[in-house]
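Trainee: sequence first, predicted model second:
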Amino acid sequence: MSPSRPAWRIARQVATWVAVSSIAGLAIGLAVSFFQTDGVEPPTLVISVLFGNVVGLTAMVGSVWLFPRLRGRSGVLRFPLLVMTLVSGAVLGSLAVLGAYPLFVFRELRLAIVVIAVNGVLALVVGGVVLGYEEMRLRLQDSLREVEEVRLVEARLREEAARAELAALQARINPHFFFNTLNTITAMLEEDVRKAEELLETFASLFRYAFDVADAAPVPLGDEIAFTRNYLRIERARFGDRLQVAWHVDPRSLPVRVPGLILQPLLENAVGHGLAPRARGGRIDVSTAVDGPALRIDVADDGVGLSDSGERLIRDGHGLGNIARRLEACYGDRAALALSPAPSGSGARARLTLPTEPAQPAGPAATDPPVAGESAA
């Protein structure tokens, strides 16, 4: 019994030992009485039951209670102490029983000595069996604890590796995005310096947000939408009326937490590969919806369409491939990115499917109104 074991468990274990020992002692008493000519004598049965409890409880105290407390000690000290405990407990208990029935001693002194010796041997045998069982049980507990500790260490290492992988993937997105943004602002400096300054302020806010989510922690989708709208302000400075964006945002989706910078690359892909090749530009529709345990984000454009299968474009692309790897690192097979022709028949649609998770309500930034030239539903 371990020191921290509840009292009711100790009481239950003692009661079990008493019951088993009493049954064993009663069986021995009946067997002895069967060979006696006088038949079954109640005192014989009572003494047998008491002797059974002497042996049983001595084995329990020595093997179940004392042994676990001596496991850390040297075997040279531990096992002799256990033997002394078992033998002395059996002898003292037997003497106590015989003291309660002195006529038994006076009538058969030689038999009483034999009984004491037999009880001592039985205590050693029973105690040895129980000791072996307890040793195997405690070793199994130690093994299970070691396995659990190893499992926890492996889980922690996997988590740290996943975080490192996410940080590396996100670090690959940021320079790519900022390089394109700086190119846009540089081009604007030649046309309108004041507007370029405004774009630089917007760019600074984008930069702050990117640093805030650099630790790969999930952020509310509302923050991602606000960040993406700021990004589109810069893109509209380059494309003007050639870029139209419509938002269809499910309010229930705003507090759902998603990986940082997961939405902006989809818009960047739609602008750069879907609309930029067309002289007249086009329109992008962004929609979000919560469907039970899943969050769905669609980014559809009416641009030039797909040049290859969606799976290959995701696998070979920089931004989309990066998103797919981040989703796998964060969610395994519970999230997906799919690229397909747009439902309208022209252009392409990127669909993110993520599991919803408990999240804090989105901040004020999530409720920013659409930028000029955008429509919201």
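Mentor: Here it is on my side, so go on.
Trainee: secondary structure element holding F178?
Mentor: helix 109-189 (DSSP states H and E).
Trainee: meant to ask about V87, not that
Mentor: With DSSP H and E as the criterion, the answer for V87 is helix 75-100.
Trainee: ditto for V245
Mentor: Assigned by DSSP H and E, V245 falls in strand 243-248.
Trainee: tell me what that strand is packed against?
Mentor: The contact analysis (3 or more C-beta pairs under 8 Å, 6 or more residues apart in numbering; DSSP states H and E) places strand 243-248 against helix 221-239, strand 282-291, strand 374-376. C-beta here means a position set from N, CA and C on the backbone, and glycine is covered the same way.
Trainee: the helix or strand where A329 lies vs helix 109-189, what angle?
Mentor: Assigned by DSSP H and E, A329 belongs to helix 319-331. Relative orientation of helix 319-331 versus helix 109-189 (axes from the mean of the first three to the mean of the last three C-alpha atoms, to 10 degrees): 160 degrees.
Trainee: and S48, how many neighbours?
Mentor: 23 (other C-beta atoms under 10 Å).
Trainee: for it, give its distance to A96.
Mentor: 15 Å (C-beta to C-beta, to the nearest Å).
Trainee: again with A123
Mentor: 14 Å.
Trainee: and the residue nearest to G272 when sequence neighbours are not counted, what pLDDT?
Mentor: Closest residue to G272 apart from its sequence neighbours, by C-beta to C-beta, 6 or more residues apart in numbering: N180 at 7.8 Å. N180 is assigned a predicted lDDT (pLDDT) of 71.
Trainee: thought N180 was touching N269?
Mentor: No - at 11.3 Å, N180 does not count as touching N269 under the criterion of C-beta atoms under 8 Å.
Trainee: which one of those two has more residues nearby?
Mentor: Using other C-beta under 10 Å, the more surrounded residue of N180 and N269 is N269, with 21 against 16.
Trainee: the more buried one reaches L320, doesn't it?
Mentor: Yes - contact criterion C-beta under 8 Å: N269 and L320 qualify, at 6.1 Å.
Trainee: overlap in contacts of those two?
Mentor: A350 (C-beta atoms under 8 Å, 6 or more residues apart in numbering).
Trainee: sorry, back to before: would you mark the buried spots in the helix holding V87?
Mentor: Using 16 or more other C-beta atoms under 10 Å as the burial criterion, the residues of helix 75-100 that qualify are 78, 82, 85-87, 89-91, 93-94, 97-98.
Trainee: and what of stretch 121-136?
Mentor: Those would be 122-124, 126-128, 130-131, 134, for stretch 121-136 by 16+ other C-beta under 10 Å.
Trainee: need the residues you listed in JSON lines (columns: distance to W65).
Mentor: Formatted as JSON lines, the buried residues of stretch 121-136 follow (distance: C-beta to C-beta, whole Å):
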{"residue": "L122", "distance to W65": "19"}
{"residue": "A123", "distance to W65": "14"}
{"residue": "L124", "distance to W65": "17"}
{"residue": "V126", "distance to W65": "14"}
{"residue": "G127", "distance to W65": "11"}
{"residue": "G128", "distance to W65": "16"}
{"residue": "V130", "distance to W65": "11"}
{"residue": "L131", "distance to W65": "12"}
{"residue": "E134", "distance to W65": "10"}
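Trainee: greatest separation within the residues you listed: which pair is it?
Mentor: The distance between the two most remote of those (C-beta to C-beta) is 17.9 Å, for L122 and E134.
Trainee: hmm, back to that, can you list the buried residues in the next helix or strand after the helix holding F178?
Mentor: Counting by DSSP H and E, the next helix or strand C-terminal to helix 109-189 is helix 193-212. Using 16+ other C-beta under 10 Å as the test for burial, helix 193-212 gives 196, 199-200, 202-203, 206, 209-210.
Trainee: between those residues, which is nearest S143?
Mentor: A210 (47.5 Å).
Trainee: ok, now which ones touch L221?
Mentor: For L221, the contact set (C-beta under 8 Å, 6+ apart) comprises 253-258, 263, 288, 295, 297, 362, 366.
Trainee: report pLDDT for it.
Mentor: 95.
Trainee: do you know how far it is from C330?
Mentor: 14 Å.
Trainee: what do you get for N183?
Mentor: 30 Å.
Trainee: between the two, who's got more neighbours?
Mentor: Set N183 next to C330 and count neighbours by other C-beta under 10 Å: C330 wins out with 19 against 11.
Trainee: that one contacts G260, correct?
Mentor: No - contact criterion C-beta under 8 Å: C330 and G260 do not qualify, at 10.7 Å.
Trainee: list residues touching both of the two?
Mentor: What both C330 and G260 touch, as defined by C-beta under 8 Å, 6+ apart, is the set P218.
Trainee: return the set of buried residues in stretch 336-349.
Mentor: Neighbour counts over stretch 336-349 (16+ other C-beta under 10 Å) mark 337, 339, 342, 347-349 as buried.
Trainee: what about the residue nearest in space to the middle of the chain, distance to E149?
Mentor: The chain has A155 as the residue nearest its centroid, 7.9 Å off, counting by C-alpha atoms, centre = their mean. Going from A155 to E149 by C-beta to C-beta gives 11 Å.
Trainee: got it, and L232?
Mentor: For L232 relative to E149 (C-beta to C-beta), the value is 50 Å.
Trainee: more neighbours: these two, which one.
Mentor: L232 (24 against 10).
Trainee: next one, pLDDT for the more buried one please.
Mentor: pLDDT, read off for L232, is 90.
Trainee: hmm, it is touching W247, no?
Mentor: No - look at L232 against W247 with C-beta under 8 Å: they stay out of range, at 10.0 Å.
Trainee: give me every residue that touches A350.
Mentor: Going by C-beta under 8 Å, 6+ apart, A350 touches 266, 269-270, 298-300, 320, 337-339.
Trainee: can you classify it by secondary structure?
Mentor: strand (DSSP: H, G, I helix; E, B strand; the rest coil).
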